[in-house]
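J.: Sequence first, then the predicted structure, then my questions.
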Amino acid sequence: MPDWLMIVFRSIGAVAYLFILTKIIGKRQIKQLTYIEYIVGITIGSIAAFMATEMDGPLYHSLIAMAIFTLFPYMFEWLAMKSKILRDLFEGTSTVLIKDGKILEDNLKKERWTNEDLMEQLRIKNVFRVADVEFACMETSGELSVLLKSQNAPVTPQQLNLQVAPAEEPQSVILDGVIMDEPLSNLGLNRRWVRMELEKAGVALENVFLGQVDKGGQLYLDLYDDKLKVNAPQELKLTYAQLKKCQADLEMFALSTKNEQQKRIYQRDAEELQRVIDQVMPLLMR
């Protein structure tokens, strides 16, 4: 067999064997690898390259070496679970870089970060002023965790005592001008509904790059022609406005009538409708 053909077969075998070993080790992202996993990954890759091109040595020597190196992450992970000292040694510890709006320069130098590196990571977290940060630390994965000061943190609906609808994944019902039947059926809709919505929006199907339907049954369109603007669906907001108008009409009837019995009925209905509005508002005002 020619040498070049042997190299082809050995390379394919090395890639297949390396793929199996990688699946065994796990599927962490590169930035989440521990020191040991990083070292093992480099070493196994070098052995695989040697196995593919070295024609003199037996093939099984390289296979055994790769298998042995694959066992190291499991062994070190088991030791790390048994001892925090070993866990800190193998995986490292987090480092505080900012505390109470003040950069800890010694810790920054310890991690070999410059102030530009720190500011870049803060901007990735949508933080542009160090003074706004209560606490920031570099995790063992290399990621920067940031806690803003309470007066600078975004306000959540829970802090405002507001009820909001749970976030749910929209279904893509149009892709590249083609209607997708499976997402439509999951929503209990059909092609006829899609075409009616497109007709109301004044948009041709072939001009739709992406069409998504949220849980409320509203269709959002992104067109190939970026110059064309499609108004966002307003059905849910119109429904909310109509309910508020009905509630206001009931209150107005209660104020305008001189019949006490009717006044009580209107007031009671207005209060009940207001309770219904409060319950459905998170679903309507998305």
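T.: In hand now; what should we look at? Numbers count the residues shown, from 1 in each chain.
J.: quick one, helices of the stretch 51-200 of the chain?
T.: Assigned by DSSP state H, counting those that start in this stretch, the helices in the stretch 51-200 of the chain fall at 59-82, 84-91, 105-110, 115-124, 181-186, 191-201.
J.: and residue 39, which of these is closest to it?
T.: Counting by CB to CB, residue 39 lies closest to helix 59-82 out of those; the figure is 8.2 Å. To be clear about C-beta, it is placed using only N, CA and C from the backbone, and glycine gets the same treatment.
J.: Which elements pack onto the closest one?
T.: If you count contacts as 3 or more CB pairs under 8 Å, 6 or more residues apart in numbering; DSSP states H and E, helix 59-82 packs onto helix 3-25, helix 35-53, helix 84-91.
J.: now, of the ones you listed, which is deepest in the fold?
T.: The highest average neighbour count among these, using mean count of other CB atoms under 10 Å, belongs to helix 35-53 at a mean of 17.
J.: Next, format the helices of the stretch 51-200 of the chain as CSV and append distance to residue 145 and mean pLDDT.
T.: Output for the helices of the stretch 51-200 of the chain, formatted as CSV (distance: least, CB to CB, whole Å; pLDDT from 0 to 100):
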stretch, distance to residue 145, mean pLDDT
helix 59-82, 21, 77
helix 84-91, 16, 75
helix 105-110, 14, 90
helix 115-124, 10, 91
helix 181-186, 36, 89
helix 191-201, 43, 88
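J.: Can you lay out those helices as JSON lines showing distance to residue 217?
T.: Output for the helices of the stretch 51-200 of the chain, formatted as JSON lines (distance: least, CB to CB, whole Å):
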{"stretch": "helix 59-82", "distance to residue 217": "48"}
{"stretch": "helix 84-91", "distance to residue 217": "48"}
{"stretch": "helix 105-110", "distance to residue 217": "51"}
{"stretch": "helix 115-124", "distance to residue 217": "36"}
{"stretch": "helix 181-186", "distance to residue 217": "11"}
{"stretch": "helix 191-201", "distance to residue 217": "9"}
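J.: so which of those helices gets nearest residue 50?
T.: Between residue 50 and the helices of the stretch 51-200 of the chain, the tightest spacing by CB to CB is seen for helix 59-82, at 6.4 Å.
J.: buried stuff in that closest one?
T.: For helix 59-82, a neighbour-count test (16 or more other CB atoms under 10 Å) marks 62, 63, 65, 66, 69, 70, 72, 73, 76, 77, 80 as buried.
J.: List the buried residues for stretch 265-273?
T.: Buried, per 16+ other CB under 10 Å, within stretch 265-273: 266, 269, 270, 273.
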